[in-house]
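[1] Kindly generate the corresponding structure for this input.
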Amino acid sequence: MRMTLLLIFAFLALTVGSFVYFIVTWDADTRAPVSVIQHDNNGDRA
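    Numbering: from 1, shown residues only. Down below sits the predicted model:
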């Protein structure tokens, strides 16, 4: 049981750590907003 809890804790730590790394290294200037809808020259959605 102790090994199972250790594995669960390790998985959670890795998941939270990778999310924190993603947020800390996020550069909004280099990425387009997700909510932007692209339109072509005719005004239709691309």
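[2] Now do the contacts for the residue nearest to the spatial centre of the chain.
    The centre of the chain sits closest to residue 22, judged by Cα atoms, centre = their mean, with a distance of 6.1 Å. By Cβ atoms under 8 Å, 6 or more residues apart in numbering, the contact set of residue 22 is empty. In this view, the C-beta of every residue, glycine as well, is placed from N, C-alpha and C.
[3] which regions of this protein sit below the pLDDT cut-off?
    Counting by pLDDT under 70, the chain contains low-confidence residues at 32, 36-46.
[4] again, only this time at 50
    In the prediction, the chain carries no residues with pLDDT under 50.
[5] how much space between the residue nearest to the centre of the chain and residue 13?
    15 Å (Cβ to Cβ, to the nearest Å).
[6] next one: residue 26
    The gap separating residue 26 from residue 13 is 20 Å, by Cβ to Cβ.
[7] repeat for residue 3
    Distance, residue 3 to residue 13, by Cβ to Cβ: 15 Å.
[8] that older thread, mind checking which helix or strand the residue nearest to the centre of the chain is in?
    helix 2-24 (DSSP states H and E).
[9] How far does that helix sit from its chain's centre?
    Chain-centre distance of helix 2-24: 15 Å, with Cα atoms, centre = their mean, to the nearest Å.
[10] now stretch 14-26
    Centroid separation between stretch 14-26 and its chain, computed with Cα atoms, centre = their mean, is 8 Å.
[11] Burial check on residue 10, number of neighbours?
    10 (other Cβ atoms under 10 Å).
[12] try residue 8
    10.
[13] Could you pull up the residues touching it?
    Residue 8 neighbours (Cβ under 8 Å, 6+ apart): none.
[14] That one and residue 24: what is the separation?
    Counting by Cβ to Cβ - residue 8 and residue 24 are separated by 24 Å.
[15] what does residue 31 give?
    15 Å.
[16] try residue 9
    22 Å.
[17] Specify which residue of the two has the higher count of neighbours.
    residue 9 (10 against 7).
[18] quick one: contacts for that one?
    With Cβ under 8 Å, 6+ apart as the criterion, no residue contacts residue 9.
[19] Can you mark which positions in stretch 1-8 are buried?
    With burial defined by 16 or more other Cβ atoms under 10 Å, not one residue of stretch 1-8 is counted as buried.
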